[in-house]
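**Q** Predicted structure and sequence below. I'll ask about it afterward.
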Amino acid sequence: MNIAAREVSGVRELLDHNPVVGARRAGAKRFWTGREEKLLRATYPGGGVTACLAALPGRTASSIYQRAAVLGLRVPGANGKVNERLAWTSSEAIDAIIRRAYQKLPSKNDVQRCAATCGRPRWWVSKRAAKLGLVTPRFKQAPWCEAELDLIGDNAHKAPATLRRMLKAKGFDRTETAIIVRLKRLGADRTDPHHLNANQLAGVMGVDRKTVAAWIAKGWLRAVRREATTTDDFWWIHRRDVARFVIDNVAVVDIRKVDKFWFVDLLAHEGASPYAKSESKRDRILSLAAARPDLNRAQLAAMTESTPSAVSVVLSNAKHNSKQVAL
């Protein structure tokens, strides 16, 4: 192919072919350097894209043309004057081709083929389709109301899927992505107020997570695994059990390293005697089921040291009793 001939016949034909001298730049090398921009400023006004291809190996004709536009470079015409670039125009024939392509929901390749048929860039075809009313406009979701914000704020520690179901039960329809974004913007604390994992407990106790794992292994600290794994992050520890551990094992707790604000809050809410607040297995199942509606019965059984059948019986009896009270 004669590149020079293509440059003479039109830069847009050259851009359609998009030649490159040598290997195309990729990765960190795709960014333009000061030296390359200096060469572009010196070469482009006199020789256009064709001259720059030889001076800038690895740069495609399209990238050179676009960078020249960013830098405000132009090639003088035959009369020695700089002519402004012509904007893409449409016609009835081109609009008819675009309408045929958008009769069904086109894929990216369909739009690319339509652009090649029209002799226009793909971005222009997409923009033209929107102007012709062939593309369904995207509408923003309704603003969040106070009821929605209160609901996700009070339950920020729960999974996005659970929050979505809770919102849907109240008549609100939000995607999981929208819920996550809104929680980040609210700055909501997504940690479970009643449970900690091994890493979190190690952080507030001022110890290594291996120390927490050792306390659990020795039976000093009560904890359950949320799933079969060897990672300490999956230890599930109730605040009540942490308070019981502190009372029973004062000698191993270094008060100098403990987060004092968290420590005082723990003892103030859990009480000086955690044994007085000990719950039966039935109460633990019901409280955990109410706090974590996203858990299935097998998970509830593992986290309360029970069996799935026992969990089913407890939940079934609680549901029956609630119906009797309602009657």
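**A** Nice, thanks for sending it over.

**Q** Okay, strands next: where are they in the stretch 51-200 of the chain?
**A** 195-196 (DSSP state E, counting those that start in this stretch).

**Q** got a list of what residue 207 touches?
**A** 254, 257 (Cβ atoms under 8 Å, 6 or more residues apart in numbering). Heads up, the C-betas are built off the backbone N, CA and C, glycines and all.

**Q** Would you mind giving the secondary structure of it?
**A** coil (DSSP: H, G, I helix; E, B strand; the rest coil).

**Q** Tell me how far it lies from residue 135.
**A** Counting by Cβ to Cβ, to the nearest Å, the separation of residue 207 from residue 135 is 58 Å.

**Q** which stretches of the stretch 151-300 of the chain have low pLDDT?
**A** Regions of the stretch 151-300 of the chain meeting the criterion pLDDT under 70 cover residues 226-233, 270-280.

**Q** Once you drop chain neighbours, what's closest to residue 298?
**A** residue 308 (5.2 Å; Cβ to Cβ, 6 or more residues apart in numbering).

**Q** can you check residue 183 too?
**A** Of all residues not flanking residue 183 in the chain, residue 156 sits nearest, at 5.6 Å (Cβ to Cβ, 6+ apart).

**Q** So that neighbour is in contact with residue 184, correct?
**A** No - applying Cβ atoms under 8 Å, one finds residue 156 not in contact with residue 184, separated by 10.3 Å.

**Q** Tell me which of these two has more neighbours.
**A** residue 156 (19 against 10; other Cβ atoms under 10 Å).

**Q** quick one: contacts for that one?
**A** Residue 156 touches 183, 186, 188-190, counting by Cβ under 8 Å, 6+ apart.

**Q** So for stretch 238-256, what gets flagged as buried?
**A** Buried residues in stretch 238-256, counting neighbours by 16 or more other Cβ atoms under 10 Å, are found at 238-247, 252-253.

**Q** Now for the residue nearest to residue 298, how many residues are close by?
**A** 14.

**Q** mind listing what it touches?
**A** Applying Cβ under 8 Å, 6+ apart to residue 308 gives the contacts 297-298, 300-301.

**Q** cool, and residue 88?
**A** 120-121, 124.

**Q** Repeat that for residue 59.
**A** Contacts for residue 59 were tallied using Cβ under 8 Å, 6+ apart; they are 20-21, 25, 36, 52-53.

**Q** C-alpha coordinates for the strand or helix carrying residue 49, PDB please?
**A** For residue 49, the host element (DSSP states H and E) is helix 34-55. What follows is helix 34-55 as a C-alpha-only set of coordinates in PDB (Å, rounded to 0.1, in the frame of the first residue of the first chain):
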ATOM      1  CA  GLY A  34       7.700  15.300  26.000                       C
ATOM      2  CA  ARG A  35      10.200  14.200  23.400                       C
ATOM      3  CA  GLU A  36       7.400  12.700  21.200                       C
ATOM      4  CA  GLU A  37       5.300  15.800  21.500                       C
ATOM      5  CA  LYS A  38       8.300  17.900  20.500                       C
ATOM      6  CA  LEU A  39       8.800  15.700  17.400                       C
ATOM      7  CA  LEU A  40       5.100  15.900  16.600                       C
ATOM      8  CA  ARG A  41       5.100  19.800  16.900                       C
ATOM      9  CA  ALA A  42       8.100  19.900  14.500                       C
ATOM     10  CA  THR A  43       6.900  17.300  12.000                       C
ATOM     11  CA  TYR A  44       3.100  17.500  11.800                       C
ATOM     12  CA  PRO A  45       2.600  21.000  10.300                       C
ATOM     13  CA  GLY A  46       4.900  20.300   7.400                       C
ATOM     14  CA  GLY A  47       4.200  16.700   6.600                       C
ATOM     15  CA  GLY A  48       0.900  15.700   8.400                       C
ATOM     16  CA  VAL A  49       0.200  12.200   9.700                       C
ATOM     17  CA  THR A  50       2.300  10.500   7.000                       C
ATOM     18  CA  ALA A  51       5.500  12.200   8.000                       C
ATOM     19  CA  CYS A  52       4.900  11.600  11.700                       C
ATOM     20  CA  LEU A  53       4.500   7.900  11.200                       C
ATOM     21  CA  ALA A  54       8.200   7.600  10.300                       C
ATOM     22  CA  ALA A  55       9.300  10.000  13.000                       C
END
